[in-house]
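J.: mind folding the following:
(chains A and B)
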Amino acid sequence: GAGVSQSPRYKVAKRGQDVALRCDPISGHVSLFWYQQALGQGPEFLTYFQNEAQLDKSGLPSDRFFAERPEGSVSTLKIQRTQQEDSAVYLCASSLSEIRGQFEAFFGQGTRLTVV
Amino acid sequence: AQSVAQPEDQVNVAEGNPLTVKCTYSVSGNPYLFWYVQYPNRGLQFLLKYITGDNLVKGSYGFEAEFNKSQTSFHLKKPSALVSDSALYFCAVRDMDSNYQLIWGAGTKLIIKP
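T.: From the prediction side, this is the model:
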């Protein structure tokens, strides 16, 4: 497809369960971002990849959160031992290249995670 | 610390009237500023950006925004509102001198009444 694709759209997890959220960025986009959006709030930065390199993971809230982009395309955000406070919408975004000055990011529809 | 403020949780405008959604920011370096719109059950959509150059930036769907360095503001405007403009609007800033993270405002709900 032409846009950023995220799956699943909705995920209900039992507390303590591990989850994996997938992001397919726009083809050719070098930069990939993960954000967490709580209800009624703006997105909060989690992590940033340039190709396969994770250049910034300062926003990951705990060591239960892990992200990877092994081939510089698809990315997975993994949350281990989920807790209720992890409930949020997880947004993935990609942009063409910081180097070329294409600074706007294109967002997927997000994965709504509910931990029960 | 970098921050973005959207002082209005909600803005109500009659259809056909001009609209303004306010945004102020604080960064230590040069700001790159963005507006995004979020419709229910849909992803964030890019509207417009200010990187450099002309302070008045035109974007999608007839929206425009004016960068004011002295007031550290980047208000979103449209001359004539449509009911279909009703959505959640987010302002975001990136300090390109230090990092590439987008710092987001809390969002403003825009309601256009027929």
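J.: give me the pLDDT value at residue A:110.
T.: pLDDT, the model's per-residue confidence, is 95 for residue A:110.
J.: look up how far chain B lies from it.
T.: Look at residue A:110 and chain B: by C-beta to the nearest C-beta, to the nearest Å, they are 6 Å apart. Heads up, the C-betas are built off the backbone N, CA and C, glycines and all.
J.: now swap in residue A:28 and tell me
T.: Distance of residue A:28 to chain B, given as C-beta to the nearest C-beta: 17 Å.
J.: pretty sure that residue contacts residue A:94?
T.: No: Residue A:28 sits out of contact with residue A:94 when judged by C-beta atoms under 8 Å, with a separation of 9.1 Å.
J.: more neighbours, these two?
T.: residue A:94 (24 against 9; other C-beta atoms under 10 Å in any protein chain shown).
J.: surely that one meets residue A:5?
T.: No: counting by C-beta under 8 Å, residue A:94 stays clear of residue A:5, with 10.4 Å between them.
J.: common neighbours of the two, please.
T.: Taking C-beta atoms under 8 Å, 6 or more residues apart in numbering or on different chains as the criterion, residue A:94 and residue A:5 both touch residue A:23.
J.: excluding sequence neighbours, find me the nearest residue to the closest residue to chain B within chain A.
T.: When you check chain A against chain B by C-beta to the nearest C-beta, the closest residue turns out to be residue A:42, at 3.2 Å. For residue A:42, the nearest residue in space outside its immediate sequence neighbours is residue B:104; the separation is 3.2 Å by C-beta to C-beta, 6 or more residues apart in numbering or on different chains.
J.: neighbours of residue A:11, how many?
T.: When neighbours are counted by other C-beta under 10 Å, residue A:11 registers 18.
J.: not counting sequence-adjacent ones, nearest residue to it?
T.: Nearest one to residue A:11, counting by C-beta to C-beta, 6+ apart, is residue A:113 at 5.0 Å.
J.: so the residue of chain A closest to chain B versus residue B:103, what's the distance?
T.: From residue A:42 across to residue B:103, the span is 8 Å (C-beta to C-beta, to the nearest Å).
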